[in-house]
Every structure is written in structure tokens, then in C-alpha cells.
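A.B. asks: A structural model of the following input is requested.
(one chain, ligands or ions: 1)
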Amino acid sequence: MTTPLTLYYAPDNASLCVRLALLALEVPFETRLVDRNTNAQNGPVYMALNPNGLIPTLITPDGPIYETGAVLLWLADKKAGHVFPAADASGRTAGLAWLFWLSNTLHPALRMTFYPSKYIEAGSIPQLLTATRTNLLAQFTQLESRAEWLDDPHVGILHCYLAPMLRWAALYGADQSWFDLHKFPRLLAFAKRFEVTHVATQARLAEGLGDTAFSAPSPPCPPEGSAT
Ligand SMILES: N[C@@H](CCC(=O)N[C@@H](CS)C(=O)NCC(=O)O)C(=O)O
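C.D. replies: I've put the predicted structure just below:
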């Protein structure tokens, strides 16, 4: 990868997962703020890159790539074996299942709690939130009991995807009282280990996330832009 990659980002958005992976891979990259204050993610310039109007987008030598899981896998495969099992490694099988689960199951469920009005009419939002939070708690329980990669001290793309989601669950949406990371001791231990890694420290500083960004998060104080 000789041309620097460009990450279109907003602080504490799903672009954080990609920033973490870029830092873990130690590849050069530039960032461009997508100004959520002006709804720039839905403006013509950004929509030309990502027709979904969702953050992130990564500009690669082959053109833009979006969808967080796809971007993470694309990056991982550029340096095979560093942050995700290589194509011929045995761990790839379970790794892919987890990556797609994070992307297809956990991430969309969280989105439903952050943007319920994008999924259902106003009158039904309370029911959607109740059901989705129940599902999310079951999903965190599944991670707690089955995700063996949580204990791997080497930062990989699964960690880069999960850690921000733990943070968002505690911070965003109409009410966060449903989620308490202390009820998931293994996830809490992971968050504490992860946030002091060199990779997470660089990302925390770049986006103003604070010292305990993943284990005991507080709203971001970013040098530029806004999270919502
Ligand atoms: N499926 C997308 C979801 C990304 C996503 O939810 N991005 C949020 C920020 S964290 C966003 O762009 N929200 C702006 C909006 O919905 O208008 C992905 O995996 O990249």
C-alpha cells in the first residue's frame, strides 16, 4: 500500500473501528472529517463516495470501500495474518463467523437503539427498544461466554470492532440504563486491557475519548467534529 489511505470519519462513529485497525496495522493514513453538525454524511460529496450516507468510508487505491466489517477485512487482508487469520490459517473460519456476527447482528441491533425512528414509526419505538435491548443483552452474554479471542492480547480487527460497540452501548441512545458492562466481567476485563494498548491510546487521543474510553466511557471531547 504505497498511496496513503483516506478515512472519512466522525469522532466516535463506526469509523473509530477502522481507525483502530489502521493503527494496529501501522499503515499510513489520512483522515477527512465528515461534519455531522451539517449532516455532511447525507450531502452530495459524501454520498458520491458512500451512497448509504453512513460513516465510515475508506478511500483505497481501488476506490471507496464502506461497511465497517468489509473495510476491516479488506485492511486485514492487505497484511495477512497481522490482525486477522490469513486465508489459509485455521483460525480464519471462526474469525469470519465472529466478524460477520459483529457486523450483521450486534452492530445493527445497536443501531436500532440509536436510531429507532429509522426502523419503525414513533408509536412503536418503546416496543422496539425493549425487544432490541433484550436481544443485545443476550448477544453480550454470548460474547462473554464464547468469544475466546477476547483474551488474546494481540490487537486484531475483532477487538477493533467490538471495543467501540461496548463504548457506544454505554453512551448513546435515549436511555443507557439497560447496559452495565460490570455485569460482563470478561468484556470489562477486555475493555480495560484494550484501552491501554498503544493502538487504543492513539485513537483515544485523536478523537478525544478519554482515558477509560471503553471500560467506563464518557461523552467524547474531540478536537474536531461531533459524534452525532
Ligand atoms: N452498516 C454501517 C453502519 C455504519 C453506521 O451506523 N454509521 C453511523 C455512525 S456510527 C452513521 O453514519 N450514522 C449517520 C446516520 O445514520 O445518518 C457500517 O457497518 O459501516
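A.B. asks: In this protein, where's the longest helix?
C.D. replies: Longest helix of the chain, by residue count under DSSP state H: helix 125-146.
A.B. asks: Which other helices and strands does that helix contact?
C.D. replies: With contacts taken as 3 or more Cβ pairs under 8 Å, 6 or more residues apart in numbering; DSSP states H and E, helix 125-146 sits against helix 107-114, helix 157-171, helix 185-195. (C-beta placed from N, C-alpha, C; glycine too.)
A.B. asks: Among those, which comes closest to the ligand?
C.D. replies: helix 107-114 (5.1 Å; Cβ to the nearest ligand atom).
A.B. asks: who's in contact with that closest one?
C.D. replies: 14, 68-69, 118-119, 128-129, 132-133, 135-136, 139, 161, 165, 168-169, 172-174 (Cβ atoms under 8 Å, 6 or more residues apart in numbering).
A.B. asks: which of those residues count as buried?
C.D. replies: 14, 68-69, 128-129, 132-133, 136, 139, 161, 165, 168-169, 172-173 (16 or more other Cβ atoms under 10 Å).
A.B. asks: Near the ligand, list only the ones from the residues you listed.
C.D. replies: Contacts with the ligand within the buried ones among the contacts of helix 107-114, as defined by Cβ under 6 Å from any ligand atom: 14, 68.
A.B. asks: returning to that earlier point: most tightly surrounded among the helices and strands packed on helix 125-146?
C.D. replies: Using mean count of other Cβ atoms under 10 Å, the stretch among the helices and strands packed on helix 125-146 with the largest mean neighbour count is helix 157-171, at a mean of 24.
A.B. asks: I'm done for today, thanks for sticking with me.
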